[in-house]
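Q: Generate a structure from the sequence data that follows.
(one chain, ligands or ions: 1)
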Amino acid sequence: MTKLYGTSQSRAARSLWALEELGVSYEHFPLNTSGDSRKPEYLKINPNGHVPALEDDGKIFWESMAINMYLAGKYGKAPFWPESHADRAHVAQWSIWAMTEIEPHLLTMLMNKLFLPKEQRSESAVTQAAQALKAPAAVLDGHLKGRQYLLGNDFTIADLNVASVMSLGSLVGVDLSATPVAKAWLDKCLSRPSFQKSSSKK
Ligand SMILES: N[C@@H](CCC(=O)N[C@@H](CS)C(=O)NCC(=O)O)C(=O)O
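A: Got it, this is the predicted structure:
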């Protein structure tokens, strides 16, 4: 039995996308982030009080990128979950990169454009975050020149992980026009039926 905890309006979206992409049969518990994830029964699953968490065959996993690499490794096959040590290390490289180089700036923009009470929002924080995103976006753009996907010709879990983080940009109007190769790659990844299906979940 496979169970995924967390609403699609949270970082659980990326694990829902992985489950849909892999065609895994699962039960979805769309816990919200304004209370559900801090309830004592859920803290037994993820003591951090965060979503997503995954239960699979009696084992528990948390941290969205670790969940996705586990799912790809267990339920996927090459090329989606690549075979070589080098390619797997590149999956980890890009997944960690997205969480450390991209996600914090997008979260700053989300907080200051949408989530914080109006009086606490900072225009300059949004401007700075948008500026800070330009360097990693250029890295992505440069890497994708001459490649279809991050690891080469095929869509892999690395693309899913990075694109899922970058999908947040559409909520805050991130402008990728200066990095057209990255923009085209992102649009291609987000047009996959598995992404559309996972996004329509609760
Ligand atoms: N690094 C973690 C972050 C998880 C996280 O912070 N999730 C947020 C939702 S996007 C959450 O559960 N917030 C509710 C809370 O902390 O109470 C991951 O990627 O899984």
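Q: Domain-wise, how is this structure divided?
A: Domain assignment for the chain by automatic domain parsing gives 2-78, 85-197.
Q: Which stretch among the ones you listed is buried most, on average?
A: With neighbours defined as mean count of other C-beta atoms under 10 Å, the domains of the chain peak in mean count at domain 2-78, which reaches a mean of 18. C-beta here means a position set from N, CA and C on the backbone, and glycine is covered the same way.
Q: still on that earlier bit, now distance to the ligand too, for the domains of the chain, in CSV please.
A: Written out in CSV, the entries for these read as follows (distance: least, C-beta to the nearest ligand atom, whole Å):
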stretch, distance to the ligand
domain 2-78, 3
domain 85-197, 7
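Q: export those domains to TSV and tack on mean pLDDT?
A: As requested, these are arranged in TSV below (pLDDT from 0 to 100):
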stretch	mean pLDDT
domain 2-78	98
domain 85-197	98
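Q: mind listing what the residue in the chain sticking out farthest from the centre touches?
A: For the chain, the C-alpha lying farthest from the average C-alpha position belongs to Glu119; by C-alpha atoms, centre = their mean, that distance is 29.3 Å. For Glu119, no contacting residues are found, by C-beta atoms under 8 Å, 6 or more residues apart in numbering.
Q: Next: Ser25.
A: Counting by C-beta under 8 Å, 6+ apart, Ser25 touches Thr2.
Q: For it, which three-state class applies?
A: coil (DSSP: H, G, I helix; E, B strand; the rest coil).
Q: For it, give me phi and psi.
A: The phi/psi pair for Ser25 (degrees, to the nearest 10) reads phi -90, psi 130.
Q: how near is Phe29 to Thr2?
A: Here the criterion is C-beta to C-beta, to the nearest Å. By it, Phe29 lies 11 Å from Thr2.
Q: Ok, Met109 next?
A: Using C-beta to C-beta, Met109 is found at 33 Å from Thr2.
Q: likewise Trp97?
A: Following C-beta to C-beta, the distance that separates Trp97 from Thr2 is 27 Å.
Q: Double-check that the residue farthest from the centre of the chain belongs to a helix.
A: Yes: the assignment for Glu119 (three-state DSSP) places it in a helix.
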